[in-house]
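1. Just the structure for this:
(one chain, ligands or ions: 1)
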Amino acid sequence: MKYKAYQVHNFKTIPQLTRMSDEEKINIEVVGNVLPFKVNNYVIDELIDWDNYLDDPIFRLTFPQKEMLHPQDFATMREALDANSSKDELKLIADSIRTKLNPHPAGQMEMNVPQYKGEKLEGIQHKYEQTLLFFPSSGQTCHSYCTFCFRWAQFVGMDGLKFAMRETEQLMGYLEEHQEVTDVLFTGGDPMIMSFKVFQQYIEPFLDPNNKTNIQTIRIGTKALGFWPYKFITDKDAQDFLDLFKRIVESGINLSFMAHFNHINELKTDAVREAVRLIRATGAQIRTQSPLIKNINDNSDMWAEMWREQVNLGMIPYYMFVERDTGARHYFEVPLEKTWEIFQQAYQQVSGVCRTVRGPSMSCTPGKVEILGIKEIPLHGKMEKVFVLQMIQGRNPDWVNRPFFAKYDPEARWMDDLKPAFGDKFFFDDELNALIEEAYLDSQSA
Ligand SMILES: *Cc1c(COP(=O)(O)O)cnc(C)c1O
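-> Below is the predicted model of the structure:
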């Protein structure tokens, strides 16, 4: 396949800008001053249909839309830009808007940061027993930014919000002390933004047969297949990456790509198909995941087609998520009821080989809460609807796979909106509150 040089664009350097009206350009600039914006030449040249860009899902996935800001916030930023405000003034205004957008959801800052030898490991999250998230410091950006991204805050440089960790020794030390951890998940940003030389340094310790961790699976959370498949095909270190993936597999460790695909259009280019083939040929698995996002992929037929195509290409559908409670959620979120309907209608259309997918799932403070469905039951002498839920993952493993019930609410969009259907608390609430209290006290004393 022909070499393609990676070229990243900011708002001013996109060739197709000439197709846009002044109004559209201003909208992008205003929102782009608050929320992160970055797009590369693959997305622009091969994914977006510019003849129909306003309705194009990949355009909406990467280009800021006016409605992503509340009208008042939009007006404030627009006035500041019209008045030629200084960079510092713009940043102050942007930060005050960002602060209102719940930049750090699900208690990630306080609750999931582990300690090693008395030191906080800021680049690690350990929420679920078996799987540790690792945020290598050089993997904290992406080839392009998704407009809905829940990690948006780290891309706009909001102080203290960037996970970063350089020390592989600390990671290995922690893993040696925590034999319950079988999976390390490299995440970001996108670890596949790293050059081979840098990435290799993080992996090599796991290939040392004398390492004393219990790691059996290395996962790589990445959007590179969707946004820069040339990473694995024609980039100058592409073959080095593939060789390393092969070495990981041959060492007896399961290597699993957790690939983000939000839309079937990301599976159609020659480049992505070739990249998938090359990665699979190393013996690595590719599992796929995406949130359900209004204006981008809120269509059950599209999901069914996407899962089928993923399976046809040899990938394994893994998660459908509920859009998180952060950033421009009001623009992207779909009510839980509708989310479940889309999941169910898509799931009904596919055979068992696609039904490895689980969801729709909310990654919230207690765990990954899956919406099993809506059911009518006799309650208080009449028939009433309830949400049937269960945890796929729990902060306490004992919470997993125990069905529980919430009051039906057609407006509910997130776990916080749900009330217990019976009694005044969910079965895990007391324990969760104790854990939150404990984490708060720890953070005060550290
Ligand atoms: C989803 C998630 C994981 C991985 O969970 P699996 O069910 O093993 O895929 C790990 N840590 C956090 C914080 C997560 O949100």
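
2. Can you read off the pLDDT for the residue sitting furthest away from the middle of the chain?
-> Going by Cα atoms, centre = their mean, the residue of the chain most distant from its centre is residue 381, 42.8 Å out. With respect to pLDDT, residue 381 scores 89.

3. again with residue 149
-> 88.

4. OK, contacts around it?
-> Going by Cβ atoms under 8 Å, 6 or more residues apart in numbering, residue 149 touches 36, 155, 327. The way it works is simple: take the backbone N, C-alpha and C, and place the C-beta from them, glycine included.

5. I'd guessed the second one sits against residue 36; true?
-> Yes. Counting by Cβ atoms under 8 Å, residue 155 does reach residue 36; the two are 3.7 Å apart.

6. list residues touching both of the two?
-> 145, 149.

7. hang on, the earlier thing: of the contacts of residue 149, which is the most crowded?
-> residue 327 (25 neighbours; other Cβ atoms under 10 Å).

8. ok so residue 212 is a helix residue?
-> No. With DSSP: H, G, I helix; E, B strand; the rest coil as the criterion, residue 212 is coil rather than part of a helix.

9. Based on its surroundings, how many neighbours for it?
-> Neighbour count of residue 212, defined by other Cβ under 10 Å: 11.

10. With the one 5 residues further on instead?
-> Neighbour count for residue 217, taken as other Cβ under 10 Å: 15.

11. ok, now the one 10 residues further on?
-> Residue 227: 27 surrounding residues under other Cβ under 10 Å.

12. what does residue 400 give?
-> When neighbours are defined as other Cβ under 10 Å, residue 400 has 15 of them.

13. about what we covered before: and which of the contacts of residue 149 is nearest to the ligand?
-> Closest to the ligand out of the contacts of residue 149 is residue 327 (16.9 Å), distances taken as Cβ to the nearest ligand atom.

14. Would you mind listing what in the protein touches the ligand?
-> By Cβ under 6 Å from any ligand atom, the residues of the chain that approach the ligand are 125, 127, 128, 131, 133, 363, 368, 392, 393.

15. Now tell me which helix or strand of this protein has the poorest mean pLDDT.
-> When the helices and strands of the chain are scored by mean pLDDT, DSSP states H and E, helix 108-111 comes last with a mean of 65.

16. Parallel or antiparallel, list what pairs with the helix or strand just after that helix.
-> Towards the C-terminus, the helix or strand next in line after helix 108-111, according to DSSP states H and E, is strand 115-116. If you go by DSSP bridges, strand 115-116 pairs up with strand 119-120 (antiparallel).

17. ok now the strand it pairs with, how far from the chain's centre?
-> 25 Å (Cα atoms, centre = their mean, to the nearest Å).

18. Pull the residues that contact the helix or strand following it.
-> For strand 119-120, the succeeding helix or strand toward the C-terminus, using DSSP H and E, is strand 124-128. By Cβ under 8 Å, 6+ apart, the surrounding residues in contact with strand 124-128 are 108, 111-114, 132-135, 163, 165, 171, 174, 178, 181, 367, 393-395, 397.

19. just stretch 287-297 next, same as before
-> 57, 60-61, 65, 148, 256-263, 298, 303, 306, 310, 315-324, 331-334, 339, 342-343, 360.

20. Just the ones in strands from the residues you listed, please.
-> Counting by DSSP state E, the contacts of stretch 287-297 place 256-260, 316-322, 360 in strands.

21. Quick one: residues contacting residue 53.
-> Taking Cβ under 8 Å, 6+ apart, we find residue 53 in contact with 16, 19, 59.

22. Could you rerun that using 10 Å?
-> For residue 53, the contact set (Cβ atoms under 10 Å, 6 or more residues apart in numbering) comprises 16, 19, 20, 24, 59, 60, 63.

23. between the residues you listed, which is nearest the ligand?
-> residue 60 (24.9 Å).

24. Tell me, how many residues neighbour the closest one?
-> 26.
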